[in-house]
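[1] Pasting the sequence and the predicted coordinates here, then a few questions.
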Amino acid sequence: MPIWNKEAECASSEARQKLQLDRLQKTVERVYSRVPFYRERLDRAGVNPDSITSLKDIARLPFTSKDDLRQTYPYGLLACDPADLVEIHTSSGTTGTPVVGAYTALDIDMWSDVMARTLSMAGCEKGDTVQNGYGYGLFTGGLGVHYGARRIGANIIPISAGNTRRQLMIMRDFGTTLLTCTPSYSLFLAEAALEEGIDFRTLPLKAGCFGAEPWSENMRVEIESKLNISAHDIYGLTELIGPGVASECEHKNGQHFNEDYFYPEIVNPETGEVLPDGEKGELIITSLQREGTPLLRYRTRDITYLMREACPCGRTSVRIHRLLGRTDDMMIIRGVNCFPSQIENVLMRIEGTQPHYQIVIDRGATHLDEIEVQVEVEQAIFSDVTRAMEQLRKRIHNELKSELGISAHIKLVEPRSIARSEGKAQRIIDKRSL
Ligand code: DLL
């Protein structure tokens, strides 16, 4: 597999830490002198740019939250001359004021580099044809992948999200070798291909970069076998840059973090205390070379842990484990905490279920939380005698109960009855908050 930027990705820890400290000092200096919001925050914390003399001092910096971004919408965190901006992205804003990422030419250059690394990890080289099924527009997925593929010199098909039949036609006719889209959409493509009589084993498609939403190891197995490809997990968020923060190499044992541009920490989400490597907690990220909207210790709300063991691919960067959930999509069902990803894990390992499910939470007449897990089952089971259905229902119920301690109603539904999404799949419908 090609390593795109050997110098950065395979750096010694001394060289990397030296670079990180230098960039951290410059970032603190930049926001202190240019962003009144940060100057005030840093003053309040009793920290100024000169206080940062080692990487450990990062723990003295204040956190930045999603609320801070919303309250300063649209340009309150801008750290460059507005005339130097070349591009804007925002989150979809479905849950409130959107968060903004503003990019200078140097930011786009850095984004292209980290996305070239990401695609290279999945084997992408000049000569490959990348079908980019992430949405183009304010969402960062489309253009992020686009810039990375351009940097590599691959042939890019900017098809964007949706239009499933056309995706399949283009994939077949243009000989796509690498697919990028959400993991749930890749499975939707696989289903549609069956209907169109397209067999993935006859296509040159070899790999895919999937992210932007949670997925499980079992879902990877499904994708790899149904699309006959190698499926790589890729991570990022609008606030920091978009995709390109971390991604999986061919060993698929955690995502290599682009540490020369983003500094990761794991903290206890309740106390903010920094946790040692290997312990689960909230991922905090400081951008180290952003010009437009640099962020100090951004609280991602994503839960994972850091893995520092050497990776056989030769990259020396720290890795993050596949995301384990979010501090805010944690469901509390009658006092029991659980994440949709845990439910998905249980569902996916049970024979007969399909990787399409939805979780509905409501308050029953008793005002107690009720959770219903709707999952599609194979057609053969669905049309089978009720006994097989009943057995499967019981098995899912019991495994969820023993693994997560929740007692869920299980509703087995027909294949293709749960709404498909072209972008991020909606897994949870929480009627309690309506
Ligand atoms: O989803 C950026 C992206 C585009 C990543 C394409 C990967 C591929 P946002 O819309 O701001 O940005 O959403 C960011 O999505 O905080 C995670 O909770 C979730 N997320 C992103 N990648 C993964 C992943 C893009 N690989 C939020 N696994 C993040 C699980 C992911 N969750």
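    Looks like it came in fine.

[2] Spell out which residues of the stretch 151-300 of the chain are next to the ligand.
    The stretch 151-300 of the chain has residues 211-214, 233-238, 242-243, 300 near the ligand, with proximity defined as C-beta under 6 Å from any ligand atom. Just so you know, the C-beta spots here come from the backbone N, C-alpha and C atoms, and that holds for glycine as well.

[3] May I have the residues that are in contact with the closest residue to the ligand within the stretch 251-400 of the chain?
    Closest residue of the stretch 251-400 of the chain to the ligand, C-beta to the nearest ligand atom: residue 323 (3.9 Å). Contact analysis of residue 323 by C-beta atoms under 8 Å, 6 or more residues apart in numbering lists 214, 235, 302, 303, 304, 341.

[4] quick one: it is in a helix?
    No: assessed with DSSP: H, G, I helix; E, B strand; the rest coil, residue 323 is coil; it does not lie in a helix.

[5] Phi, psi for it please.
    For residue 323, the backbone dihedrals are phi -60, psi 140 (criterion: degrees, to the nearest 10).

[6] Next one, pLDDT for residue 187 please.
    Looking at residue 187, its pLDDT reads 91.

[7] Likewise for residue 95?
    Per-residue confidence (pLDDT) for residue 95: 59.

[8] Could you number the chain from 103 rather than 1 from now on?
    Sure, I'll start numbering at 103, so the last one becomes residue 197.

[9] Identify the residue nearest the residue in the stretch 103-252 of the chain that the ligand sits nearest to in space, chain neighbours excluded?
    Closest residue of the stretch 103-252 of the chain to the ligand, C-beta to the nearest ligand atom: residue 243 (3.5 Å). Distance criterion C-beta to C-beta, 6 or more residues apart in numbering; nearest residue to residue 243, sequence neighbours excluded, is residue 236 at 3.0 Å.

[10] Can you show me the helices along the stretch 403-536 of the chain?
    Using DSSP state H, counting those that start in this stretch, the helices of the stretch 403-536 of the chain run over 442-450, 481-484, 488-506.

[11] and those helices, which one is worst for confidence?
    helix 481-484 (a mean of 86).

[12] now for the longest helix belonging to the chain, which elements pack on it?
    When the chain is parsed with DSSP state H, its longest helix is helix 115-136. Using 3 or more C-beta pairs under 8 Å, 6 or more residues apart in numbering; DSSP states H and E as the contact test, the elements touching helix 115-136 are helix 138-146, strand 383-389.

[13] ok so, going back, what's the closest of the helices of the stretch 403-536 of the chain to residue 386?
    Evaluated over these, closeness to residue 386 peaks at helix 442-450, with 20.0 Å, by C-beta to C-beta.

[14] Need the residues that contact the longest helix of the chain.
    113, 140-141, 144, 149-151, 154, 156-157, 160, 163, 180-182, 361-362, 365, 388-393, 396, 398, 418-419.

[15] winner for burial among the helices and strands packed on helix 115-136?
    Most buried of the helices and strands packed on helix 115-136, by mean neighbour count (mean count of other C-beta atoms under 10 Å): strand 383-389, with a mean of 25.
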